[in-house]
Structure formats: C-alpha cells, structure tokens
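Asker: Sequence and computational prediction follow.
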Amino acid sequence: LVCDDEALARDRLVRLLRDADECEVVGEAENGRDALQKVEMLTPDVVLLDIRMPVMDGLQATRNIRHLSKADAAEIPIIAMT
C-alpha cells in the first residue's frame with residue numbers, strides 16, 4: 001500500500017514498484033485516514049507511508065494501524081517516507 005498526499009510522488013513510486021517483478025501495489029492512499037481504512041480493508045504485506053500528510057499525518061496513522069482490531073494489521077511492516 002502506497003500512501004502519499006502528493007499525487008505525482010505517489011504515481012512515480014507506484015510505477016516503480018509495479019515495474020519490479022516481486023512487487024504488487026494493492027492500493028493507494030492520499031492521507032492518513034485513507035491509509036488506515038485501506039490497511040483495514042486490504043491488509044497489505046507492507047505499507048509505504050509518508051509522514052507529512054493532511055487529515056491524519058503518517059505518525060498518527062502508524063499508531064492507529066498498530067491498534068486496529070484486525071490482528072494481522074498490527075503486524076504489518078510500515079516504511080516511513082519523508
């Protein structure tokens with residue numbers, strides 16, 4: 001799951017990952033709240049999360065992901081980007 005509020009940065013990262021044979025982008029989010037909803041819905045293997053985002057920043061989104069009721073979601077690796 002790729003989470004970044006800047007559409008251009010998000011699009012570039014998604015393209016880069018989609019070109020890698022071992023990666024599949026299962027979703028995109030443009031803010032922390034959207035990221036939280038998509039993590040709960042999609043349960044991705046890894047979350048690439050921008051720290052500075054509107055609505056809910058990446059730090060708060062990380063804390064909320066760690067407290068999701070879905071057991072799998074709390075264990076998802078999160079890579080913070082700035």
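Answerer: Yep, that arrived.
Asker: the strands in this structure, which residues?
Answerer: All strands of the chain, identified by DSSP state E, fall at 2-3, 28-29, 47-50, 78-81.
Asker: quick one, which of those is packed in tightest?
Answerer: Greatest average neighbour count among the strands of the chain goes to strand 2-3 (a mean of 26), per mean count of other Cβ atoms under 10 Å. C-beta coordinates here come from the backbone N, C-alpha and C atoms, glycine included.
Asker: what's it packed up against?
Answerer: In terms of contacts (3 or more Cβ pairs under 8 Å, 6 or more residues apart in numbering; DSSP states H and E), strand 2-3 is packed against helix 7-19, strand 28-29, helix 32-42, strand 47-50.
Asker: roughly how far is the last one from the heart of the chain?
Answerer: By that I understand strand 47-50. In terms of Cα atoms, centre = their mean, to the nearest Å, the centre of strand 47-50 is found 4 Å from the chain centre.
Asker: So in that sheet, which strands flank it, and in what orientation?
Answerer: strand 2-3 (parallel), strand 78-81 (parallel) (DSSP bridges).
Asker: closest to residue 56 out of the ones you listed?
Answerer: Between residue 56 and these, the shortest gap by Cβ to Cβ is with strand 2-3, which sits at 10.2 Å.
Asker: that older thread, distance to residue 16 and mean pLDDT added to the strands of the chain, as JSON lines?
Answerer: What follows is those, written out as JSON lines (distance: least, Cβ to Cβ, whole Å; pLDDT from 0 to 100):
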{"stretch": "strand 2-3", "distance to residue 16": "10", "mean pLDDT": "97"}
{"stretch": "strand 28-29", "distance to residue 16": "13", "mean pLDDT": "97"}
{"stretch": "strand 47-50", "distance to residue 16": "11", "mean pLDDT": "96"}
{"stretch": "strand 78-81", "distance to residue 16": "13", "mean pLDDT": "93"}
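Asker: ok so, going back, compile the helices and strands packed on strand 2-3 into CSV and extend it with columns for distance to residue 58.
Answerer: Below are the helices and strands packed on strand 2-3 laid out as CSV (distance: least, Cβ to Cβ, whole Å):
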stretch, distance to residue 58
helix 7-19, 13
strand 28-29, 10
helix 32-42, 6
strand 47-50, 5
